[in-house]
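Undergrad: Pasting the sequence and the predicted model now:
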Amino acid sequence: MVAEVFIDLVQPKLMEIIVDNGILGLDRGGVSDVSLIISTGIRMIIIVAFGGLAGILSAVFANVTGQNYGNDLRKACFTRIMHFSFAQTDKFSTGSLITRITNDITQVQQLVMQLIRGLVRCLMFFIGGTSALLSLDLSFGVIVACAFPLIILNVTLVVWKTNPLFNLLQTSLDKLNNIMQENVSGARVVKAFVQENYEQKKFEQANDNLVNTQFKVQIMLSLLRPVMNIVLNLAVVGIIWVGSIIVKSGSIAPGTVMAAITYISQILSGMMMLAMIFQTLSRGSVSAKRIAEVLNTDSEIQDGTNSTGPTERGTISFKNVSFSYPGTNTTVLKNISLDIQSGQTLGIIGATGSGKTTLINLIPRFYDATGGIVAVDGIDVKDYKLETLRKKISVCLQKSELFSTTIRDNIAMGKDGATEEEIRAAAQSAQAEEFILQQTGGYDTPVAERGMSLSGGQRQRIAISRALLKQGEILIFDDSTSALDLKTESRLYQALNSNYKGITKIIIAQRIASVKNADKIAVLDGGSICATGTHEELLKTCPVYQDIYDSQLKQTEGGRP
């Protein structure tokens, strides 16, 4: 970059030699010197070639540095997001996180590239060009002194006006991405309820807000270059006017005026380049702040420091546990106390919104209890290292999340280095292998985004296979068999009892048939445990359980054996 600018600054001096000595022949009594013109011209061509090579090298350096910086920043953001708690992910929103890790990082990456290449160039052009211009004649400094404040005023005004607009622009982009993400993932719901027009209007409104903000930004930015061009042209006129006066006085030659014109053009071009950098800096600084919000957000779920090995295996206890979601005043769980013994099967049942999913989310620390203690193997879950704790627990979530890869790879996520036999054994226990082998590619069949190429029951069985493959000490099913028919569900639980003895199991369900054979059933009502016991005991003593039973199984005693 230094060589590139130095070569550009040498060119006007060579031009001065060609005009004054080659064309006008001022050093030879007015006789032109063709050989000087040719030799100096060749020198200029060689220097330009070296300048071009230096420019290419500096551009490659700036681009590689910027790309690497963006790559590292993207990895750092992704790693940070992966360690966010559920509450922190909800706080940012999916659309905003996507915008930050893509568009915002791209803006910062472009800023880095411009700073590396452009800032050095414009500063060297200003310092070197001004020095060279003043070396020709100090009178030319007046032109620079007049032009510089106008440029600074113009740049300051534009940056001051656009900075809040860029912040609004990125927020508008967040909203647009949120709407896009929701409509792509929820396309079936939109179509099922014939809400295409409503969602179209919502998208158009968000898109119009984005366009209007972009329009305001462009209006302000459009003032930058024309004003700079006006200042540049006025400066050139000023150089010619001052230069003509000095030439008439005999202090300098015409070639010197031409060199001065080139130098003032380089100086002001450098200032124009600096203005463009400030424009990018204005938007890049907004993006940088948004990225910093992600990177500076420490996970609410911090690793514990307890390194003592547990004396128990597969036990779980809740002691006076309460929980409220961040930003709300509603207590979702109230003074929950419950003990689950190693190898025991616990069923959890209750009405929608009673806190069943929230309760089991506290065990692997997807959320932390706001009151009380949750312990696994006799140790407070907050004292565990997260990796150690979560390796103990196999969770099959309420929503069966599958990834755009093969069925085999989706199952194999449950255990690093899983063998083919282990994968198939897990699928067999989950009652999944039969339908998997019916697929064209068997276990190598590609799965569409979010598993939409499979039925709800098939997605659940693949997710169950993944959880079983992990072979944790604790197995949690969060309404994970709701899409299975009772016969398939019964075979699944028979396989669990036969193949996974000694594992502590927690089964959350809406159907009594799914939990009636559990060793113990906890009934949740309004965030509290209103009763615990076996199926037969609860039928006699718990009105809430009796109501659920009457609505589901009074006529039929079907379910898993």
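TA: It's in. Keep in mind that this is a model prediction, so the values were computed, not measured.

Undergrad: rest of the way, CA atoms for contacts and neighbours
TA: Noted.

Undergrad: Could you check how many residues crowd around Met44?
TA: By other C-alpha atoms under 10 Å, 18 other residues sit near Met44.

Undergrad: List the contacts of it.
TA: Taking C-alpha atoms under 8 Å, 6 or more residues apart in numbering as the criterion, Met44 is in contact with 11, 14.

Undergrad: chain center to the strand or helix carrying it: distance?
TA: Applying DSSP states H and E as the criterion places Met44 in helix 34-82. In terms of C-alpha atoms, centre = their mean, to the nearest Å, the centre of helix 34-82 is found 29 Å from the chain centre.

Undergrad: what does whatever helix or strand comes next after it rub up against?
TA: Using DSSP H and E, the helix or strand that follows helix 34-82 in sequence is helix 86-92. Identification of contacts with helix 86-92 by C-alpha under 8 Å, 6+ apart yields 81, 299-300, 325-326, 366-367.

Undergrad: make it 6 Å
TA: Applying C-alpha atoms under 6 Å, 6 or more residues apart in numbering, helix 86-92 has no contact partners.

Undergrad: With stretch 145-160 instead?
TA: Ala275.

Undergrad: Now that stretch: average pLDDT?
TA: Stretch 145-160 shows an average pLDDT of 81 in the prediction.

Undergrad: Enumerate the positions of that stretch that are buried.
TA: 147, 151, 154-155, 158-159 (16 or more other C-alpha atoms under 10 Å).

Undergrad: Kindly report the same for stretch 374-382.
TA: 374-377, 379-382.

Undergrad: Break this protein into its domains for me.
TA: 2-295, 310-392+474-485+506-561, 399-471 (automatic domain parsing).

Undergrad: Can you give me the neighbour number for Ser455?
TA: The burial count for Ser455: 11, using other C-alpha under 10 Å.

Undergrad: about what we covered before: over the helix holding Met44, what's the mean pLDDT, rounded is fine.
TA: pLDDT averaged over helix 34-82 gives 85.

Undergrad: all helices in the stretch 301-450 of the chain, in order from the N-terminus.
TA: Assigned by DSSP state H, counting those that start in this stretch, the helices in the stretch 301-450 of the chain fall at 356-361, 386-391, 407-412, 420-429, 433-438.

Undergrad: Ranked by average pLDDT, which of those falls at the bottom?
TA: helix 386-391 - the lowest mean pLDDT of those, at a mean of 87.

Undergrad: buried residues in that helix?
TA: Result for helix 386-391 [16+ other C-alpha under 10 Å]: buried residues 386, 389-391.

Undergrad: May I have that helix as CSV, with CA atoms only?
TA: Written as CSV, here are the backbone C-alpha positions of helix 386-391 (Å, rounded to 0.1, in the frame of the first residue of the first chain):
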residue,chain,number,x,y,z
LEU,A,386,-22.7,-28.6,31.6
GLU,A,387,-21.1,-31.3,29.4
THR,A,388,-20.9,-33.7,32.3
LEU,A,389,-24.5,-33.1,33.3
ARG,A,390,-25.9,-33.4,29.8
LYS,A,391,-24.0,-36.5,29.0
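
Undergrad: which outside residues touch that helix?
TA: Against helix 386-391 from outside (C-alpha under 6 Å, 6+ apart): 303, 364.

Undergrad: now it, how far from the chain's geometric center?
TA: For helix 386-391, the distance to the chain centre is 25 Å (C-alpha atoms, centre = their mean).

Undergrad: re earlier: out of the buried residues of helix 386-391, which is nearest to Arg43?
TA: Leu386 (67.6 Å; C-alpha to C-alpha).

Undergrad: Just the endpoints, please. Distance across stretch 291-301?
TA: Using C-alpha to C-alpha, to the nearest Å, the end-to-end distance of stretch 291-301 comes out at 20 Å.

Undergrad: Tell me which residues of that stretch come out buried.
TA: For stretch 291-301, by 16+ other C-alpha under 10 Å, it's 291, 294-295, 299-301.

Undergrad: one step back: just so I know, which of the helices of the stretch 301-450 of the chain lies nearest Met452?
TA: helix 407-412 (12.5 Å).

Undergrad: In helices, which of the buried residues of stretch 291-301 fall?
TA: Counting by DSSP state H, the buried residues of stretch 291-301 place 291, 294-295 in helices.

Undergrad: Just give the nearest non-adjacent residue to the residue most central in space within the chain, would you?
TA: Taking C-alpha atoms, centre = their mean, the centroid of the chain lies closest to Ile101, which sits 2.9 Å from it. Once flanking residues are discounted, Ile101 sits nearest to Arg74: 5.9 Å by C-alpha to C-alpha, 6 or more residues apart in numbering.

Undergrad: What count of nearby residues applies to that neighbour?
TA: 19.

Undergrad: Can you check what pLDDT the model gives Asp519?
TA: 93.

Undergrad: That one is in contact with Thr345, isn't it?
TA: Yes: if you go by C-alpha atoms under 6 Å, Asp519 and Thr345 touch, sitting 5.2 Å apart.

Undergrad: More neighbours: these two, which one.
TA: More neighbours surround Thr345 than the other of Asp519 and Thr345, with 24 against 16 (other C-alpha under 10 Å).

Undergrad: separation between the more buried one and Glu473?
TA: Taking C-alpha to C-alpha, one finds Thr345 at 12 Å from Glu473.

Undergrad: Nearest to Gly441 among the buried residues of stretch 374-382?
TA: Val376 (40.6 Å).

Undergrad: Tell me where the model's unsure across the stretch 251-400 of the chain.
TA: 305-312 (pLDDT under 70).

Undergrad: Apply 80 and report the result again.
TA: By pLDDT under 80, the weakly predicted segments of the stretch 251-400 of the chain are 251-253, 268-276, 278-283, 299-312, 326-327, 398, 400.

Undergrad: Neighbours of Lys501, how many?
TA: Neighbour number of Lys501 under other C-alpha under 10 Å is 12.

Undergrad: which outside residues touch stretch 119-128?
TA: 267, 270.

Undergrad: Would you indicate which residues of it are buried?
TA: So stretch 119-128, judged by 16+ other C-alpha under 10 Å, has buried residues 119-126, 128.

Undergrad: now the residues you listed as a markdown table including distance to Gln181?
TA: Below are those laid out as a markdown table (distance: C-alpha to C-alpha, whole Å):
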| residue | distance to Gln181 |
| --- | --- |
| Leu119 | 38 |
| Val120 | 41 |
| Arg121 | 42 |
| Cys122 | 42 |
| Leu123 | 44 |
| Met124 | 46 |
| Phe125 | 47 |
| Phe126 | 47 |
| Gly128 | 51 |
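
Undergrad: The residues you listed: which two are farthest apart?
TA: Checking the buried residues of stretch 119-128 with C-alpha to C-alpha, the most distant pair is Leu119 and Gly128, at 13.7 Å.

Undergrad: quick one: low-confidence ranges for the stretch 451-561 of the chain?
TA: In the stretch 451-561 of the chain, residues with pLDDT under 80: 451-452, 552-561.

Undergrad: Point out the one among the helices of the stretch 301-450 of the chain that comes closest to Gly51.
TA: So among the helices of the stretch 301-450 of the chain, helix 407-412 is nearest, using C-alpha to C-alpha, at 52.9 Å.

Undergrad: what residues does the closest one touch?
TA: With C-alpha under 6 Å, 6+ apart, helix 407-412 has contacts from 443-445, 465-466.

Undergrad: In TSV, list these along with distance to Leu362 and neighbour count.
TA: Formatted as TSV, those follow (distance: C-alpha to C-alpha, whole Å; neighbours: other C-alpha atoms under 10 Å):
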residue	distance to Leu362	neighbour count
Tyr443	33	22
Asp444	35	15
Thr445	35	16
Ser465	23	27
Arg466	21	26
